[in-house]
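>>> sequence first, predicted coordinates after that:
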Amino acid sequence: MTILLDSASVDDALAAAELGFVGGVTTNPTLMARETAEPLTQIGRLLEVFPLGLVCHQPVGDTAEALSEEARAAAALARDRVIIKLPATNEGVRAAAALGAEGIRCALTAVYSPAQAMLAHETDCVWAIPYVDRATRQWVGGMELVEALATILARLGSDTRILAASLKSAAQATEAILHGADDITASLDVLRSLGEHPLSAAATREFNAARG
Ligand code: G3P
């Protein structure tokens, strides 16, 4: 399993790296725009925070060609550690196919249907990335979506993994795994909450008090 931070902030990344269980960062254009107007420079900084970890970059563009051009520049920063997130659209799929043929590791993001996961498999993507909480707010529930993706990828004997994103709580993150997600990405607050429980905190206070 891989647990990633969903943020483009270097401060968040430094704090997440301290947690000891975070394997890298996912970014998207919205998160990136909050931090900088130079996304590739920021990807370089995030790669330095996680020297052995993964950093996901999501290019922007209306065509596969535009997406691919930015993707190639990002992948050149660290071929093995940069994963290109492409939108689950026909142009994104076309870019994934072209980039994959060049050995650039890709993922399809904003996945809302099993058909899109099937195309992530077909284009050898590392991940299909469903937006769990956003889907939960639609007619198709987020957990049902994760389960459908897991079923179809298992049926295909696929190496494509499910990276659950848009997770708003520890409960939602663990539920996504129970429904078949392989990996998760979440904000720093949600990542911090994974290791906490009020009863654990109470037990710790009790043990500390016993020492006097
Ligand atoms: O990486 C995807 C994620 O940022 C989208 O989720 O939190 O905006 O619903 P959210």
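On my side now, so go ahead. Numbering: from 1, shown residues only.
>>> hmm, His179 and Glu147 touching each other?
Yes - shown here, Glu147 and His179 form a contact pair, counting by CB atoms under 8 Å, at 4.6 Å. Where C-beta positions appear, they are placed from N, C-alpha and C, glycine not excepted.
>>> report whether stretch 149-166 contacts the ligand.
Yes - contact between stretch 149-166 and the ligand, assessed by CB under 6 Å from any ligand atom, occurs at 165-166.
>>> and that stretch, what's buried?
Using 16 or more other CB atoms under 10 Å as the test for burial, stretch 149-166 gives 149-150, 152-153, 158, 160-166.
>>> point out the residues in this protein that sit beside the ligand.
6, 26, 28, 131, 133-134, 165-166, 185.
>>> how about the strands of the protein, start to end?
Using DSSP state E, the strands of the chain run over residues 3-6, 24-26, 54-57, 82-87, 106-111, 127-130, 161-164, 183-186.
>>> quick check, pLDDT for whatever residue of the chain ends up closest to the ligand.
In the chain, the residue that lies nearest the ligand is Ser166 (3.3 Å; CB to the nearest ligand atom). We have a pLDDT of 97 for Ser166.
>>> separation between it and Glu38?
Remark: distance between Ser166 and Glu38 (CB to CB, to the nearest Å) = 26 Å.
>>> quick one, phi psi at the residue of the chain closest to the ligand?
As for Ser166, its main-chain torsions (degrees, to the nearest 10) stand at phi 60, psi 60.
>>> for it, which non-adjacent residue is spatially closest?
Nearest non-adjacent residue to Ser166, counting by CB to CB, 6 or more residues apart in numbering: Tyr131, 3.8 Å away.
>>> the one you found contacts Ala110, correct?
Yes - between Tyr131 and Ala110 there is a contact under CB under 8 Å: 5.8 Å.
>>> common neighbours of the two, please.
Counting by CB atoms under 8 Å, 6 or more residues apart in numbering, Tyr131 and Ala110 have no common neighbour.
>>> quickly compare the strands of the chain and say which is most buried.
For those, the largest average neighbour count (mean count of other CB atoms under 10 Å) is found in strand 127-130, namely a mean of 31.
>>> what pairs with it, and is each one parallel or antiparallel?
Counting by DSSP bridges, the strands paired with strand 127-130 are strand 106-111 (parallel), strand 161-164 (parallel).
>>> where does the protein dip in pLDDT?
Across the chain, nothing is flagged by pLDDT under 70.
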